[in-house]
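1. what shape does this take:
(2 chains)
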Protein chains: 2
Amino acid sequence: MSKTVKIALDEIKTMSVEILTRTGYGEAHAQAIAEVLYKCQLDDCQSHGLFRLLMCSQTMRAGKIDGHVLPVITKSDNAILHADARGGMSLLAVNEALPKLIEKTKKHGIAALAVNNCYHFSALWPEVEELSKAGLAAMAMVPSHSWVAPAGGTRGSLGTNPLAFSWPRQNQMPFTFDFATSAFARGEIELYKRAGKSLPEGVAIDKNGKPTTDPSEALQGAMLTFGGHKGSALSIMIELLAGPLIDDLTSLESMEFAAGTGGAPYHGEIILAFDPNLFSKGRADANEARAERLFADIIDQGARLPSQRRFKARALNLERGYVEIPQALYADLQAL
Amino acid sequence: MSKTVKIALDEIKTMSVEILTRTGYGEAHAQAIAEVLYKCQLDDCQSHGLFRLLMCSQTMRAGKIDGHVLPVITKSDNAILHADARGGMSLLAVNEALPKLIEKTKKHGIAALAVNNCYHFSALWPEVEELSKAGLAAMAMVPSHSWVAPAGGTRGSLGTNPLAFSWPRQNQMPFTFDFATSAFARGEIELYKRAGKSLPEGVAIDKNGKPTTDPSEALQGAMLTFGGHKGSALSIMIELLAGPLIDDLTSLESMEFAAGTGGAPYHGEIILAFDPNLFSKGRADANEARAERLFADIIDQGARLPSQRRFKARALNLERGYVEIPQALYADLQAL
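-> Take a look at the predicted model:
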């Protein structure tokens, strides 16, 4: 970051709500979105913090999202919770559904939340971390737009399809990760283009399906998954579980639905939650110690657990009471 | 394969049961193991077919497994099924539990099977494929021994931790994959060693934690995960879900338990199953079409869906009525 602007912690939400309201979101949506922007910005997760206000505004300008619609959560006796976002942003639906998902998981041992008909722009880790605060393990998956080619393919079929996971730890931050199954994030390729830099090998193909390190050609072609055919298989699994399984769009369909209008993609999301108490028949403490031993063995050899940079940023920003964002972003936000 | 021996399909199980019985497995275990060896051998999955009779015999000689013990499946009202293998091989417990898992999944929409206290040597795809035959999507995970270093680490903490997934397709073989989260299978490194070949970069580290392409040094050091820090995070997730979550051993603990005796590792297994009918509230057909469109788009660009080689081998072997195994393996099996 070159020039930055300091934003006091209590201003992050106020500013976000104010901008979201001004750009067309009702109070309930503005609050839910502001909450997650705050969490991301607090962790110096610049790509999913206040920066995303630009995408929220763009999504509204694209004209399809409903900024006021209230989600409908359907009750059921089984272990699946359906939250219909009804064409609004995902976060309000998720906020309302999570306490019910926790309840269902503590009853059934394992439960799933299917969020349908939502616009989606946010990181998944705030949602799985929230479930771990309630003592649950959790997994979350979403499709996106079909920018990513399958292994051995020549064009985009798959989304960037992130997978997030969280495991609760007593008196400590949870073990949490949240990664795109594409080798690079789409935004990273745009940053390489702006900086006039070449991409590493194995990240993208051009519009003819040939490997390329040119970010402009990559943006006209397709991205590749991480991890070759294994990453590609994992990405297809995410398409299926977060799309057809839950009666919602694949990344191919989401891209068609958007028809080039830009903004957040429209699709579904699946969250799975696991209750360690019921799985281990009351021996959760002994098993927590097993997990801790594994973490200790990883750390002892100088390897890092995921999310440590985020957690460190959170502690620092909470202590100093402010976050820093690029001055250019601050100017863009003021202009919204 | 250089010299091979033809084995008639109906001889695969007979021969397996005969060898397993002779080496100390009771009838029920021998049948369950033979069934999965048949499935793997039928698909020309040489690494998990009749070859594994050697490991079954070695596991018995290691002296800890119980070849006669019957598994206990615990009934519950929730969505978790516990199958206690009580120190026997996993397959009998899984066989007995799968019909109950299908029932539970069709009731709750999502359900999990925790298999505990089992020796495990088998591929996971036969189990998830079986669930897809019942119209379910399924995921399976197991730890193994701590041969695999975490990203940024210098020694083994993680197992080869395979992930298998299957999605049901009408009138077609399911979409199924089953891959180790290690970059290479341990057996592959042994094959490189025997052939005097160098490993590719990024597959292993030596006992000092330095990258190596020497298979002997790799076997004394540790393997690496596929896909860098993302593959490593996924592998840790598998440790947690298939170990501490279900009250069973991590790969570190499983390695200690074996204490160098060899044979199949002892640990647990988790299988998750999803009912597309309940998830999509009866719109499974429309959603099946969505998934098929994705598969068609992948195939249309010349990319392959996983497991196609296996399915092709299955069709060929079923038609010709026999499989081929290396002559050296045949001799080894006769000597058991």
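2. with the flanking residues excluded, which residue is spatially nearest to the residue of chain A found nearest chain B?
-> When scored by CB to the nearest CB, chain A has A:G227 as its residue closest to chain B, at 2.9 Å. For glycine as for every other residue, the C-beta is placed from the backbone atoms N, C-alpha and C. Excluding its sequence neighbours, the residue lying closest to A:G227 (CB to CB, 6 or more residues apart in numbering or on different chains) is B:G227, at 2.9 Å.
3. ok, A:D297 touching B:E253?
-> No - counting by CB atoms under 8 Å, A:D297 stays clear of B:E253, with 10.7 Å between them.
4. host element of the residue nearest the centre of chain A?
-> In chain A, the centroid-proximal residue (CA atoms, centre = their mean) is A:A123; its distance is 2.3 Å. Using DSSP states H and E, A:A123 sits in no helix or strand.
5. check whether it really touches A:G49, as I assumed.
-> No - taking contacts as CB under 8 Å, A:A123 lies outside contact range of A:G49: 9.1 Å.
6. what is in contact with these two at once?
-> A:C40 (CB atoms under 8 Å, 6 or more residues apart in numbering or on different chains).
7. near chain B, which residues of the stretch 1-150 of chain A?
-> Contacts of the stretch 1-150 of chain A with chain B, taken as CB under 8 Å from any CB of the partner chain, map to A:76, A:78-80, A:82, A:107-112, A:114, A:137, A:139, A:149-150.
8. farthest pair in these?
-> Largest separation among the residues of the stretch 1-150 of chain A next to chain B by CB to CB: A:K107 and A:A149, giving 41.6 Å.
9. ok so, going back, give me the nearest residue to the residue nearest to the centre of chain A, chain neighbours excluded.
-> A:H48 (4.2 Å).
10. ok, which stretches of the stretch 51-200 of chain A are helices?
-> A:53-61, A:90-108, A:125-133, A:186-194 (DSSP state H, counting those that start in this stretch).
11. what does the very next helix or strand once past the last one contact?
-> Past helix A:186-194, further along toward the C-terminus, the next helix or strand under DSSP H and E is strand A:204-205. Outside strand A:204-205, the residues that touch it by CB under 8 Å, 6+ apart are A:149, A:154, A:183-184, A:189, A:211-213, A:215, A:217-218, A:221-224.
12. can you flag the buried ones in those residues?
-> A:149, A:154, A:183-184, A:189, A:212-213, A:215, A:217-218, A:221-224 (16 or more other CB atoms under 10 Å in any protein chain shown).
13. would you mark the buried spots in the host helix or strand of A:A289?
-> Secondary structure from DSSP H and E places A:A289 in helix A:284-300. For helix A:284-300, burial by neighbour count (16+ other CB under 10 Å) applies to A:284, A:287-288, A:290-291, A:294-295, A:297-298.
14. mind giving me the packing neighbours of that helix?
-> helix A:276-279, helix B:228-242, helix B:251-258 (3 or more CB pairs under 8 Å, 6 or more residues apart in numbering or on different chains; DSSP states H and E).
15. residue contacts, the nearest residue to A:A233 once chain neighbours are set aside?
-> Spatial nearest neighbour of A:A233, excluding adjacent residues (CB to CB, 6+ apart): B:F177 at 4.2 Å. Neighbour list for B:F177: A:233, A:237, B:125, B:163-166, B:306-307 [criterion: CB under 8 Å, 6+ apart].
16. and A:L191, how far is that from A:A137?
-> Shown here: A:L191 relative to A:A137, a distance of 33 Å by CB to CB, to the nearest Å.
17. ok, A:G243 next?
-> To A:A137, A:G243 is 23 Å away according to CB to CB.
18. quick one: contacts of stretch A:310-328?
-> Against stretch A:310-328 from outside (CB under 8 Å, 6+ apart): A:1-9, A:12, A:41-46, A:49-51, A:125, A:173.
19. buried subset of these as a PyMOL selection?
-> Those of the contacts of stretch A:310-328 that count as buried under 16+ other CB under 10 Å are selected in PyMOL with:
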select buried, chain A and resi 5+7+12+41+42+43+44+45+46+49+50+51+125+173
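20. among the contacts of stretch A:310-328, which lie within helices?
-> Assigned to helices by DSSP state H, the following of the contacts of stretch A:310-328 qualify: A:9, A:12, A:41-42, A:125.
21. farthest-separated two in the residues you listed?
-> Farthest-apart pair in those is A:L9 and A:W125; separation 19.0 Å (CB to CB).
22. list the helices and strands the helix or strand of chain A with the lowest mean pLDDT packs on?
-> When the helices and strands of chain A are compared on mean pLDDT, DSSP states H and E, helix A:186-194 comes out lowest with a mean of 87. Counting contacts by 3+ CB pairs under 8 Å, 6+ apart, helix A:186-194 packs against helix A:215-220.
23. and the next helix or strand past the helix it packs on?
-> Next element after helix A:215-220 (DSSP H and E): strand A:222-224.
24. partner strands of that next one, with direction?
-> Sheet partners assigned to strand A:222-224 using DSSP bridges are listed as strand A:148-149 (parallel), strand A:204-205 (antiparallel).
25. that one - what's its average pLDDT?
-> Summarised as a single mean, pLDDT over strand A:222-224 is 97.
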